[in-house]
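> below are the sequence and a predicted model for it; my questions follow.
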Amino acid sequence: LKVDNSSLTGESEPQERFPVPNGSSRRPPEAENLVFNSTLVVNGEGWGIVVRTGDHTFIGQIASLTGGETGNESPLAREIGRFVIIVSCIALLFAIIFFAVGITTVYKGQAAHTVTFAVSVLVAFVPEGLPSVVTLLLSIAAKRMAKQNVLVKDLQGVETLGKLSFL
């Protein structure tokens, strides 16, 4: 039978699998008698025995390796976080200024109206289109990379590859 292992190994061509009575001496991803969960059988049919389950499988080991990564923020995520903090500080400053101006001049002691006005100024600073603009820019970058025969599976990969100067 032929198995598409591209989700595990990145190989673009389906790999042939057949029984090996004494077992294979190769590493598990390269063994000619093993088929993995999350791979696709593209041709043929066969019977199998489940050897490992859960975290003990090949895909489970990969998941545990990637699940242990914490705090690795991408450069774009750091920049967006910094931008959000700056905009939040400016918005809070403006809300306080408008509250002070409103309570002393326009609303003259009417705290409820002044608070409503200050909160509306605060809400007006929220950049609602930011996520869609970032996604659009990353999609454009992915399209440019695709023209140069670069296959990227997710937009975070586009951002990471966009920061590289040498590969």
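That came in fine, so what should we check first?

> show the contacting residues for Arg3.
Arg isn't right for residue 3; it's Val. 14-17, 35-36, 39-42 (C-beta atoms under 8 Å, 6 or more residues apart in numbering). C-betas here are computed from N, CA, C, even on glycine.

> where do the strands sit along this structure?
Along the chain, counting by DSSP state E, strands occupy 2-4, 15-16, 40-43.

> low-confidence stretches in this structure?
68-71, 155-156, 159-167 (pLDDT under 70).

> residue with max distance from the center of it?
Here the chain reaches farthest from its C-alpha mean at Lys108, the gap being 49.7 Å by C-alpha atoms, centre = their mean.

> that residue and Arg82, how far apart?
Going from Lys108 to Arg82 by C-beta to C-beta, to the nearest Å gives 39 Å.

> one more: Val123?
21 Å.

> give me the spatial nearest neighbour of Val20, chain neighbours excluded.
Excluding its sequence neighbours, the residue lying closest to Val20 (C-beta to C-beta, 6 or more residues apart in numbering) is Asn33, at 4.1 Å.

> that neighbour and Asn22 touch, don't they?
No. Applying C-beta atoms under 8 Å, one finds Asn33 not in contact with Asn22, separated by 9.8 Å.

> run a quick neighbour tally on Gly48.
Gly48 sits with 11 neighbouring residues when counted by other C-beta atoms under 10 Å.

> might one say that it is in contact with Val35?
Yes. Applying C-beta under 8 Å as the test, Gly48 and Val35 come out as touching, 6.2 Å apart.

> now Ser6, nearest residue through space, not along the chain?
Closest to Ser6 by C-beta to C-beta, 6+ apart is Ser12, at 6.1 Å.

> where along this protein do the helices fall?
Taking DSSP state H to define them, one finds helices in the chain at 6-9, 58-67, 75-101, 111-124, 130-147, 155-162.

> okay, these in JSON lines with mean neighbour count and distance to Arg27 next?
Shown next, in JSON lines, are the helices of the chain (neighbours: other C-beta atoms under 10 Å; distance: least, C-beta to C-beta, whole Å):
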{"stretch": "helix 6-9", "mean neighbour count": "15", "distance to Arg27": "11"}
{"stretch": "helix 58-67", "mean neighbour count": "12", "distance to Arg27": "10"}
{"stretch": "helix 75-101", "mean neighbour count": "13", "distance to Arg27": "34"}
{"stretch": "helix 111-124", "mean neighbour count": "14", "distance to Arg27": "56"}
{"stretch": "helix 130-147", "mean neighbour count": "13", "distance to Arg27": "31"}
{"stretch": "helix 155-162", "mean neighbour count": "16", "distance to Arg27": "26"}
